[in-house]
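*Asks:* Below are the sequence and a predicted model; questions follow.
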Amino acid sequence: MRLSVIGCGYLGAVHAACMATLGHDVVGIDVDPRKIDALSRGEAPFFEPGLPELLAEAMATGRLTFSTDIADAAGASVHFVCVGTPQKDGEYAADLRYVDASVTSLLPHLSAEDLVVGKSTVPVGTAARLAALVEEVGASLAWNPEFLREGYAVKDTLTPDRFVYGVAPGDAGKRAADVLDTVYARALADGTPRIVTDYATAELVKVAANSFLATKISFINAMAELCEETGADVTQLADAIGHDERIGRRFLNAGLGFGGGCLPKDIRAFMARAGELGADQAVAFLKEVDAINGRRRVRMVDLAREVNGGSIKGRRIGVLGVTFKPNSDDVRDSPALDVAVQLALQGADVVVTDPEGIANARGRYPDLTYVETVEEAVRDADSVLLLTEWKEYRDLVPSAIGELVAHRTILDGRNALDPTVWRDAGWSYRALGRP
Ligand SMILES: NC(=O)C1=CN([C@@H]2O[C@H](COP(=O)(O)OP(=O)(O)OC[C@H]3O[C@@H](n4cnc5c(N)ncnc54)[C@H](O)[C@@H]3O)[C@@H](O)[C@H]2O)C=CC1
Ligand SMILES: O=C(O)[C@H]1O[C@H](OP(=O)(O)OP(=O)(O)OC[C@H]2O[C@@H](n3ccc(=O)[nH]c3=O)[C@H](O)[C@@H]2O)[C@H](O)[C@@H](O)[C@@H]1O
């Protein structure tokens, strides 16, 4: 099939490359010429494991091209909308201007029988509104939310846990589901479950899933707060409750909490939309989920002050990790970057390193000091903060980096290190939710 993918960011670039490797002819479209230039050269415009190889493979077949001109979407029969839906400035609500602009710009290039497929995360009600526009030109619309995780985006796109199709009622909806079945034929043949539903359910599935994940993380971080008050250990608590299959151990890692371009803004947009619908009570708990999450960052800065004798002014602090999680270069709403900035604002001499996130972090906060290596980051440090649990930081040898620092004090913001090993090497080890 011939497909267009509109918006080539973390979601769209991966989707375009994956669809081409499935055998479809794909044109990826973005308004950002730098992204399109990079992609046209076969270069991934951001760090995502496996994407460079996939791009090379797909572009070698000639089935994957990129353009800044929406007119190049003409001729495709399925158009995936993958543009951003960030939080509005100063508000909780989602900013739908990119979704609206991309669909409006696509309309003149649609043929009757084309299918527009929304993948962006949107407030419930958006699909029905856009369907009316798309139907005016004889085309139809489906909402097919995306559940990929950064760092595993290729695998999650090619072999997702499930597909969700939100479609119009009646025959038009049945046709849309058939088209999507053809697009995803390979994964469906492997037995991936697929749920065909109405627009509102599909939109709600996406924000419900992210809200559940955010709630699970804030739940364990709330337990971490109690562990801090009682001398209990949240990592053992998580292991113990996680053995109960009804609870499960995944997404129970306590620490600095959730960040990124999705969970934080999605729970806020959900609250805003529920408020518009007069159903704010239904998701009022998300306010607490968000508040617990924010408190972890504050607690980390407080802990840094505490281990530095009450003040971090003029103290040298080595920060390991600045992205919102490992295996990504994304610093959107990154807890790690937030903490590093707060420490600097309070007068600390902060030196930050990260395997992939420095360029993006520098773009946002040029005044922080960034270095390439752990050795440079920790040299002469009064304390070291591990804020993103990259594998190379988990694997650090405490005796070796102990030779470089001024004081052997480490704060483990992700409960990623073995306290015994670090203490045995003469370090003072502190973590969130651990004695
Ligand atoms: N990043 C992720 O892991 C996931 C993101 N999502 C959702 O997917 C959507 C996109 O997210 P990301 O890819 O992370 O954002 P992003 O910011 O990385 O990419 C969005 C892209 O859309 C482009 N764009 C904006 N207006 C456009 C227009 N009118 N025409 C063509 N291109 C346009 C931007 O230039 C940008 O490259 C959001 O709704 C997000 O919530 C869903 C699942 C996973
Ligand atoms: O809508 C989206 O964009 C995506 O949001 C998340 O994916 P992602 O943001 O890539 O990252 P996650 O792996 O979910 O991690 C999110 C944040 O939670 C934190 N986290 C995660 C797990 C955990 O146990 N504890 C914890 O603090 C991570 O450090 C990170 O900051 C969801 O997992 C995806 O299913 C969803 O598609």
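*Replies:* Looks like it arrived, so ask away. Numbering: from 1, shown residues only. Ligands and ions are numbered 1, 2, ... in the order given.
*Asks:* going forward, measure contacts between C-alpha atoms and count neighbours the same way
*Replies:* Will do.
*Asks:* For the closest residue to G402 other than its chain neighbours, give its distance to ligand 2.
*Replies:* Counting by Cα to Cα, 6 or more residues apart in numbering, R408 is the residue found nearest to G402 once chain neighbours are left out, at 6.0 Å. Using Cα to the nearest ligand atom, to the nearest Å, we find R408 at a distance of 25 Å from ligand 2.
*Asks:* R408 against G426, yeah?
*Replies:* Yes: with contacts counted by Cα atoms under 8 Å, R408 reaches G426, the gap being 6.9 Å.
*Asks:* Please identify which of the two sits among more neighbours.
*Replies:* Comparing R408 with G426 by neighbour count (other Cα atoms under 10 Å), the higher total belongs to R408, at 23 against 15.
*Asks:* Quick one: residues contacting that one.
*Replies:* By Cα atoms under 8 Å, 6 or more residues apart in numbering, R408 lies in contact with D382, S383, V384, G402, G426, W427, S428.
*Asks:* For the residues you listed, which PyMOL command selects only the ones that are buried?
*Replies:* Under the burial definition 16 or more other Cα atoms under 10 Å, those of those that qualify are selected in PyMOL by:
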select buried, resi 382+383+384+402+427+428
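*Asks:* could the contacts of R408 be laid out in a markdown table, adding pLDDT, distance to ligand 2 and secondary structure?
*Replies:* Below are those laid out as a markdown table (pLDDT from 0 to 100; distance: Cα to the nearest ligand atom, whole Å; DSSP: H, G, I helix; E, B strand; the rest coil):
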| residue | pLDDT | distance to ligand 2 | secondary structure |
| --- | --- | --- | --- |
| D382 | 98 | 25 | coil |
| S383 | 98 | 22 | strand |
| V384 | 98 | 19 | strand |
| G402 | 98 | 26 | helix |
| G426 | 98 | 28 | coil |
| W427 | 98 | 24 | coil |
| S428 | 98 | 23 | strand |
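*Asks:* buried stuff in stretch 209-223?
*Replies:* By neighbour count with 16+ other Cα under 10 Å, stretch 209-223 contains the buried residues 210-211, 213-223.
*Asks:* can you redo those as TSV with distance to ligand 2?
*Replies:* Putting those into TSV (distance: Cα to the nearest ligand atom, whole Å) gives the following:
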residue	distance to ligand 2
N210	6
S211	9
L213	7
A214	7
T215	10
K216	8
I217	5
S218	8
F219	10
I220	8
N221	8
A222	12
M223	13
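*Asks:* farthest-separated two in the residues you listed?
*Replies:* Greatest spacing in these, by Cα to Cα: N210 and M223 (20.1 Å).
*Asks:* residue boundaries of the strands in this structure?
*Replies:* Listed in chain order, the strands of the chain (DSSP state E) span residues 2-6, 25-29, 64-67, 78-81, 115-118, 140-143, 163-167, 194-197, 316-320, 349-353, 369-370, 383-386, 409-412, 428-431.
*Asks:* what about the third one, distance to the chain center?
*Replies:* It stands for strand 64-67. Per Cα atoms, centre = their mean, to the nearest Å, the displacement of strand 64-67 from the mean C-alpha position of its chain is 24 Å.
*Asks:* So for it, mean pLDDT?
*Replies:* For strand 64-67, mean pLDDT rounds to 98.
*Asks:* just the second one next, same as before
*Replies:* Summarised as a single mean, pLDDT over strand 25-29 is 98.
*Asks:* so what's V298 up against?
*Replies:* With Cα under 8 Å, 6+ apart as the criterion, the residues that contact V298 are V339.
*Asks:* For G7, state which of the contacts of R408 is nearest.
*Replies:* V384 (38.7 Å).
*Asks:* Pull the contacting residues for the closest one.
*Replies:* Residues near V384 by Cα under 8 Å, 6+ apart: I317, G318, V319, L320, V378, R408, T409, I410, L411.
*Asks:* Would you reformat those residues as TSV and include distance to A127 and pLDDT?
*Replies:* Rendered in TSV, the data for the contacts of V384 read as follows (distance: Cα to Cα, whole Å; pLDDT from 0 to 100):
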residue	distance to A127	pLDDT
I317	48	98
G318	46	98
V319	43	98
L320	41	98
V378	50	98
R408	55	98
T409	52	98
I410	48	98
L411	45	98
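*Asks:* Please report how far the closest residue to L22 other than its chain neighbours lies from K119.
*Replies:* In space, not counting the residues next to it along the chain, L22 is nearest to R186; the distance is 7.4 Å by Cα to Cα, 6+ apart. Taking Cα to Cα, to the nearest Å as the measure, R186 and K119 are separated by 19 Å.
*Asks:* Looking at the two, which is more packed in?
*Replies:* Neighbours around R186 and K119, counted as other Cα under 10 Å, are more numerous at K119. The numbers are 25 against 15.
*Asks:* so what's the backbone phi/psi at S334?
*Replies:* The phi and psi values for S334, taken as degrees, to the nearest 10, are phi -80, psi 120.
*Asks:* Near V351, how many other residues are there?
*Replies:* For V351, the tally of surrounding residues (other Cα under 10 Å) stands at 23.
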